[in-house]
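Participant: Need coordinates for the below:
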Amino acid sequence: MTDARFTDADPAALSLMAEDAEDLLIISSLVQDSILPVTEIAYDLRHRQLALLLNRFRWEDAAAARREERAFERVRAVLLISDVQRVQSDGIDRADTDLVLELLSLRWQPGEDGTGQLLLEFAGDGTLAVDAECLNVELRDVTRPYIAPSGRAPQHPDA
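Facilitator: Residues are numbered from 1 along each chain as shown. Predicted structure coming up:
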């Protein structure tokens, strides 16, 4: 019998918070290429929260998957934005219940006294603009990883 290796353990679920632009860059890189139906976006006006249920590509595991020649993985994750004052969308038809979105990036535009606007940018020029009292974003994996249905890592052509 051999000793267990760290890589033999189940992958730990991500649970991260962003309270400044530097933290947000990390979360943005982890949610890049997440897929979600438009029906998985919920705005709770009373609690001032916007939640998105994502099918997140596991970028943090992609290099290991290539090296070990194993399948790429996705995981279901919740992206929760708190302290929301207003949500606007541009280029996203919320009435189209068959619409599937691909999240490309999160970007914070600071305003006065800690307020600002969080931009969620989607493929095809769709954007959600979230006015917030402060930057307060959480990313939590909520399922075990599963094999990515495409079997491939998302590709980004060089600019």
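Participant: In space, what's closest to Leu16 - neighbours in sequence excluded?
Facilitator: Nearest residue to Leu16 in three dimensions, chain neighbours excluded: Leu139, at 4.8 Å (Cβ to Cβ, 6 or more residues apart in numbering). Glycine gets a C-beta too; all of them are placed from N, C-alpha and C.
Participant: The one you found: neighbour count?
Facilitator: Residues near Leu139, counting by other Cβ atoms under 10 Å, number 23.
Participant: Could you check how far it is from Tyr43?
Facilitator: Leu139 sits 18 Å away from Tyr43, going by Cβ to Cβ, to the nearest Å.
Participant: one step back: contact partners of whichever strand or helix holds the residue nearest to Leu16?
Facilitator: In this assignment (DSSP states H and E), Leu139 forms part of strand 137-141. The contact list for strand 137-141, computed with Cβ atoms under 8 Å, 6 or more residues apart in numbering, reads 13-18, 23-24, 27, 30-31, 56, 75-82, 106, 118.
Participant: Could you tell me which of these belong to helices?
Facilitator: Using DSSP state H, the subset of the contacts of strand 137-141 located in helices is 23-24, 27, 30-31.
Participant: Select only the buried ones of the residues you listed in ChimeraX?
Facilitator: Buried residues among the ones in helices among the contacts of strand 137-141 (16 or more other Cβ atoms under 10 Å), as a ChimeraX selection:
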select :24,27,30,31
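Participant: Can you give me every residue that contacts the nearest residue to Ala71 once chain neighbours are set aside?
Facilitator: The shortest distance from Ala71 to any non-neighbouring residue, by Cβ to Cβ, 6+ apart, is to Ile147 (4.4 Å). Counting by Cβ under 8 Å, 6+ apart, Ile147 makes contact with 71-74.
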